[in-house]
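>>> Below: sequence and its predicted model.
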Amino acid sequence: MKLTQQKFYPWLLVVCYSLLGIFCPAAVTQFSMVVGELAEALGVETQTVLLADTCRAVCLVIAMFLSSWAYLRLGLRGTIGLGLLFQALPQFLIPLAVDLGSLPVFFACKAAQGLNAMAFPLYISTITMWIDRRYAALSTAIFNGSFAAGSGVGAWVAGLLVPALGWRASFYAIGVMVAVLAVPVLLFTRDKPPAPAQETTTPVRQSGGYGSILRQPVTWLLVLALLANTWVTQAITVDMSVYASGIGYSYGETGSLMLVISVITVVSSILAGGVSDFLADRTVRKVRSRSLVMGAGYVLSAVGAALLPFAAPAGYLPLLLSSCAMMFGASWAAGVFWALPSQLYRPEDNVAGTAFCSGASNIPNPVAPMVVGVMLGTQGYWTAAWMTCAAASAISLLASILLSGKGREEG
């Protein structure tokens, strides 16, 4: 019996993708933990180094929009493999670029890591193509939760290795893990063949244009519904370590803070997926049910963001609780979100719909660190910086409510 015919195959994909998903975003927080060392080694200001991460984020958005195009030309494994190359190789080249004092190579490496995002919509769409629809939210939530875990792992790795072995070791450690985990991902990934009724028509993989996607109002509600997840997640993963360091916390304390936040958000994402599947399975209006569960997360995220600048000066525990509330809410929403595209789009539009929603909703990816960290935070306006997270959460809450009215009855 073929591997893809085994009952455990969809969950094998979830496990492989999730393990990989821990170490791809780990590179982001690992990088942010050593911004000061990189700036000193390169002889530039901290803002210059942070701009390199903004460059990565811009390329990330572009890559998500190109995901469907690359999929049609390179296939599923080809696109994922190219994305993983973009992710792993710079982890070994960035220390070399710093040693050479080359800012162009340094920026090019960070930009390349952003291109890894061309694979992200394919992980999501592949899971939803193979998994039983009853577990669509839970399976994608586990995968999404791995990205939240990765943020903490990156900070923890840097907090452990930098004092002992230097900042270069933190790059190499993350790079090795991505390379190792890429092997089972590429080995087990398979495209799902079209259903018998579709075999004489255009294969699913040959669809994927954005024309029909862009004309659907639900597409733009999906984009706005994921806005706060992107904004809050980027603010926390890129700028929280800078913020914590700025108010006097050590490498170890900051690393522990990020690790605890990540554990909480993993639990949140998986719990939200399970709750969403449980409630959706008991109603004919599944999209409505999932949308309202998603909106509940944004309520908590907005409250946590509004309290953070006032709680943080009171001590480590208030800082931890308020930042955990932010990411618990944002991750809760993401744990529900990725089950929605497959229920709102036709199967042949699933990759295109997922890719477009990923790309458009990730436009704040480069904007959030620029606004929160560079324009506001490092200029001394951290209160205003965290309030932008509260505002983004309110927008996504409204989109979730409006999206709940778009649900159709399903048997």
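Thanks, I have it. Owing to the predicted nature of the structure, the values given are computational and were not obtained by experimental measurement.

>>> Sketch out the low-pLDDT regions of this structure for me.
1, 148, 194-211, 347-348, 407-411 (pLDDT under 70).

>>> just the helices in the stretch 1-150 of the chain please.
Under the criterion DSSP state H, counting those that start in this stretch, the stretch 1-150 of the chain carries helices at the ranges 9-33, 35-42, 46-100, 103-115, 120-130, 136-165.

>>> Just want the most central residue of this protein.
residue 147 (5.7 Å; CA atoms, centre = their mean).

>>> What distance do you get for that one to residue 49?
23 Å (CB to CB, to the nearest Å). To be clear about C-beta, it is placed using only N, CA and C from the backbone, and glycine gets the same treatment.

>>> before we move on, what about residue 363?
Residue 363 is 22 Å from residue 49, where distance means CB to CB.

>>> do residue 314 as well
Separation of residue 314 from residue 49 (CB to CB) stands at 30 Å.

>>> So between the two, which is more surrounded?
Using other CB atoms under 10 Å, the more surrounded residue of residue 314 and residue 49 is residue 49, with 25 against 10.

>>> Show the subsequent helix or strand relative to the helix or strand encompassing residue 265.
Assessed by DSSP states H and E, residue 265 sits inside helix 251-280. The helix or strand immediately downstream of helix 251-280 is helix 286-311, counting by DSSP H and E.

>>> Just want the angle from that following helix to helix 251-280.
Between helix 286-311 and helix 251-280, the angle comes out at 150 degrees (axes from the mean of the first three to the mean of the last three CA atoms, to 10 degrees).

>>> mind listing what's buried in helix 286-311?
Within helix 286-311, the residues that count as buried by 16 or more other CB atoms under 10 Å are 286-309, 311.

>>> Then stretch 164-171?
Across stretch 164-171, burial judged by 16+ other CB under 10 Å covers 167, 168, 169, 170, 171.

>>> Out of those residues, list just those in strands.
Using DSSP state E, the subset of these located in strands is empty.

>>> Just give me the closest of the residues you listed to residue 79.
Nearest to residue 79 among the buried residues of stretch 164-171 is residue 171, at 24.9 Å by CB to CB.

>>> What residues does the residue nearest to the centre of the chain make contact with?
Residue 147 sits next to 21, 22, 24, 25 when contact means CB atoms under 8 Å, 6 or more residues apart in numbering.

>>> And residue 89, by the same measure?
Residue 89 sits next to 112, 175 when contact means CB under 8 Å, 6+ apart.

>>> repeat that with 6 Å
Residue 89 makes contact with no residue, according to CB atoms under 6 Å, 6 or more residues apart in numbering.

>>> If we go by neighbour counts, what in stretch 46-58 is buried?
46-58.

>>> just to revisit the earlier point, orientation of the helix holding residue 265 relative to helix 9-33 in degrees?
Put simply, helix 251-280 runs at 150 degrees to helix 9-33, going by the same axes, to 10 degrees.

>>> tell me what helix 251-280 is packed against?
Applying 3 or more CB pairs under 6 Å, 6 or more residues apart in numbering; DSSP states H and E, we find helix 251-280 packed against helix 136-165, helix 240-246, helix 286-311, helix 316-337.

>>> Would you mind putting those helices into a markdown table with distance to residue 234 alongside?
Formatted as a markdown table, the helices and strands packed on helix 251-280 follow (distance: least, CB to CB, whole Å):
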| stretch | distance to residue 234 |
| --- | --- |
| helix 136-165 | 10 |
| helix 240-246 | 10 |
| helix 286-311 | 13 |
| helix 316-337 | 10 |
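
>>> Of those helices, give the one that comes closest to residue 128.
Residue 128 lies closest to helix 136-165 among the helices and strands packed on helix 251-280, at 5.6 Å (CB to CB).

>>> Among the helices and strands packed on helix 251-280, single out whichever gets nearest to residue 277.
helix 136-165 (4.7 Å).

>>> Quick one: buried ones out of the contacts of residue 147?
Buried subset of the contacts of residue 147 (neighbour count, 16+ other CB under 10 Å): 21, 22, 24, 25.

>>> which residues does the first one contact?
Meaning residue 21. By CB under 6 Å, 6+ apart, the residues touching residue 21 are 143, 146, 147.

>>> likewise the last one?
Residues touching residue 25, when contacts are defined by CB under 6 Å, 6+ apart, comprise 147, 150, 151.

>>> Need the residues that contact stretch 335-343.
By CB under 6 Å, 6+ apart, the residues outside stretch 335-343 that reach it are 124, 128, 136-137, 140-141, 144, 226, 269, 272-273, 276, 287, 290, 293-294, 350, 353-354.

>>> go on, stretch 53-61?
Contact with stretch 53-61 is made by 107, 110-111, 113-115, 117, 359, 362-363, 365-366, 369-370, as judged by CB under 6 Å, 6+ apart.

>>> One more: stretch 64-71?
79, 117, 118, 121, 208, 351, 352, 355, 358, 359, 362.

>>> Farthest-apart pair in those residues, please.
Of all pairs in those, the most separated under CB to CB is 208 and 362 at 18.2 Å.

>>> Surely residue 14 touches residue 140?
No - judged on CB atoms under 6 Å, residue 14 makes no contact with residue 140 at a distance of 8.4 Å.

>>> Which residue is the nearest non-sequential neighbour of residue 30?
Spatially, and ignoring its direct neighbours in sequence, residue 30 is nearest to residue 154 (3.7 Å; CB to CB, 6 or more residues apart in numbering).

>>> List the contacts of that neighbour.
Neighbouring residues of residue 154 by CB under 6 Å, 6+ apart: 26, 29, 30.

>>> at 7 Å what do you get?
25, 26, 27, 28, 29, 30, 174 (CB atoms under 7 Å, 6 or more residues apart in numbering).

>>> Tabulate these in JSON lines, adding columns for distance to residue 74.
Below are the contacts of residue 154 laid out as JSON lines (distance: CB to CB, whole Å):
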{"residue": "25", "distance to residue 74": "23"}
{"residue": "26", "distance to residue 74": "26"}
{"residue": "27", "distance to residue 74": "23"}
{"residue": "28", "distance to residue 74": "25"}
{"residue": "29", "distance to residue 74": "29"}
{"residue": "30", "distance to residue 74": "28"}
{"residue": "174", "distance to residue 74": "25"}
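
>>> if we can go back for a sec, put together JSON lines for the buried residues of stretch 46-58, with distance to residue 4 on each row.
Formatted as JSON lines, those follow (distance: CB to CB, whole Å):
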{"residue": "46", "distance to residue 4": "49"}
{"residue": "47", "distance to residue 4": "49"}
{"residue": "48", "distance to residue 4": "48"}
{"residue": "49", "distance to residue 4": "44"}
{"residue": "50", "distance to residue 4": "44"}
{"residue": "51", "distance to residue 4": "44"}
{"residue": "52", "distance to residue 4": "40"}
{"residue": "53", "distance to residue 4": "38"}
{"residue": "54", "distance to residue 4": "40"}
{"residue": "55", "distance to residue 4": "38"}
{"residue": "56", "distance to residue 4": "34"}
{"residue": "57", "distance to residue 4": "35"}
{"residue": "58", "distance to residue 4": "36"}
